[in-house]
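In: Please find the sequence and the predicted model below.
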Amino acid sequence: MVASIERRWTVEDVSTYLGVPVKTLYKWRCQGYGPAGVRIGKHLRYDPAEVVAWFNAQKSAS
């Protein structure tokens, strides 16, 4: 298995991609909603492919 070396997204990156405020992402995280993020020390990072997959799943759930 080859690990992807693509840069992980910050909360700001995800906010820009989804068009929602950063505060909303943190609120969703506390509620167990939204794309999965991983805490690396004090930083929150997202796998871009997982964010896109989560977004696409929302479109099909509508």
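Out: Noted; the coordinates are in hand. Residues are numbered from 1 along each chain as shown.

In: Break down the protein into its strands, ranges please.
Out: Here the chain has its strands, by DSSP state E, at 37-40, 43-46.

In: ok, how many other residues are close to Val14?
Out: 22 (other CB atoms under 10 Å). Using the backbone N, CA and C atoms, a C-beta is placed for each residue, glycine as well.

In: top helix in the protein by residue count?
Out: helix 48-61 (DSSP state H).

In: before we move on, back to that, okay if I get the strands of the chain as TSV plus mean neighbour count, distance to Val14 and mean pLDDT?
Out: Converted to TSV, these look like this (neighbours: other CB atoms under 10 Å; distance: least, CB to CB, whole Å; pLDDT from 0 to 100):
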stretch	mean neighbour count	distance to Val14	mean pLDDT
strand 37-40	13	8	95
strand 43-46	16	5	96
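
In: Could you point out which of those strands sits nearest Gln31?
Out: Closest approach to Gln31 among those (CB to CB): strand 37-40, 13.0 Å.

In: Strand partners (parallel or antiparallel) of that closest one?
Out: Here strand 37-40 is paired, per DSSP bridges, with strand 43-46 (antiparallel).
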